[in-house]
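Asks: I need the structure of the sequence given here:
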Amino acid sequence: MIRIFLVVLVVSLANVSVAQEKQTLDTIYANSTMNLALFFPTNIRQGIVGSENFVFSYNRDRAQPLGLLKATKGNPSNLLVITTDGKVYSYIIKHSVNLTEMNRFVSVDESIGHEHQRLPPVIRDTIISNSSKNVRKQYPEVFLERSCAAILEQRERKNIMKRKGGMSLAIKNMVYYEDLVFLQFEIKNESGIDFNIDYLKVALVIGNDKRKASYQSVPLVPQYIFKMPDKIRHGETSRFVYVIPKFTLGDNEKLKLSLKEFRGNRELVLRQKL
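Replies: Model prediction:
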């Protein structure tokens, strides 16, 4: 009797294994004119796309369950997401002019496994072949430092500016390199009062922040900051560089800069379609 039970158990496990190996990934469609919002059951810890014509944005500074997917025309790829509870989600992603959904609430059942679990071979091979070579590259600090210094020596190619109360915040240069964007800023103080910097935040925004239902903001957390001062004295002009993850702007998206004074009420907010 025990022998019969063991035979049945082995056959059952074999059937489960075959079923897992035949598991297929769901397909998600995105384009460059709309945000496809993906709401995961728990907060996102890591998100990776397998091709440069796709961008998956999520809050790297403060974990949230929301991720935004955008795409330009090109070959299909894949999206790999790991949430803070260790669950792994993987999808085929394709560009489509027309979207049938703009908001997708991901269920726990869509998880293909746990990051510490041995995944079925078909799923594991799909992840490795499409994602491993596209994990965000870690750049040496000396490379980032020299690149930022070189950008500060270049002539300005942009002059996107916000002025308020004698203070001005401007983008003077923007350079793409692999999966990075080098943003050169300029802050000028002609207000008569020293300006102590609390923060300068960068985000992708869509909609109007006065209409909360349609407003979305995705922070772009800098990976490296070069020569940003703590204070801009009256009469001073300071230029510095942020190195942030590569991004693209859709038709309805803008880049938002928020410069806030430390222990003060002054704030400059620049929204611009680059």
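Asks: every contact and neighbour count from this point should use C-alpha atoms.
Replies: Fine.
Asks: just the terminal-to-terminal distance for stretch 71-82.
Replies: 20 Å (C-alpha to C-alpha, to the nearest Å).
Asks: check the offset of it from the chain's centre.
Replies: Averaging C-alpha positions (C-alpha atoms, centre = their mean, to the nearest Å) puts stretch 71-82 13 Å from its chain's average.
Asks: pull out the buried positions in that stretch.
Replies: 71-72, 76-82 (16 or more other C-alpha atoms under 10 Å).
Asks: just stretch 98-118 next, same as before
Replies: By 16+ other C-alpha under 10 Å, the buried positions in stretch 98-118 come out as 111-113.
Asks: kindly export it (C-alpha atoms) in CSV.
Replies: Extracted in CSV, the C-alpha atoms of stretch 98-118 (Å, rounded to 0.1, in the frame of the first residue of the first chain):
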residue,chain,number,x,y,z
ASN,A,98,-3.6,51.4,-28.9
LEU,A,99,-3.9,50.2,-25.4
THR,A,100,-6.8,48.1,-24.1
GLU,A,101,-5.9,48.9,-20.5
MET,A,102,-4.1,51.7,-18.8
ASN,A,103,-4.4,50.4,-15.2
ARG,A,104,-3.6,46.9,-14.2
PHE,A,105,-4.0,45.5,-10.7
VAL,A,106,-1.6,42.6,-10.4
SER,A,107,-2.8,39.7,-8.2
VAL,A,108,-0.5,37.5,-6.0
ASP,A,109,-1.5,34.6,-8.3
GLU,A,110,0.5,36.2,-11.1
SER,A,111,3.8,35.7,-9.3
ILE,A,112,6.0,33.1,-10.9
GLY,A,113,7.7,32.3,-7.6
HIS,A,114,10.0,33.6,-4.9
GLU,A,115,13.4,35.1,-5.4
HIS,A,116,14.9,32.3,-3.2
GLN,A,117,12.9,29.6,-4.9
ARG,A,118,14.2,27.4,-7.7
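Asks: show me what that stretch is in contact with.
Replies: The contact list for stretch 98-118, computed with C-alpha atoms under 8 Å, 6 or more residues apart in numbering, reads 29-31, 34-41, 82, 86-90, 119, 123.
Asks: does V221 really touch R62, like I thought?
Replies: No. Using C-alpha atoms under 8 Å, V221 is not in contact with R62; the gap is 10.0 Å.
Asks: before we move on, the earlier item: next step: the buried residues of stretch 71-82 restricted to strands.
Replies: Per DSSP state E, strands hold the following members of the buried residues of stretch 71-82: 71, 77-82.
Asks: in this protein, which spans are helices?
Replies: Ranges of helices in the chain, per DSSP state H, are 2-21, 121-131, 141-153.
Asks: hey, least reliable of those helices by pLDDT?
Replies: Note on the helices of the chain: lowest mean pLDDT is at helix 2-21, with a mean of 38.
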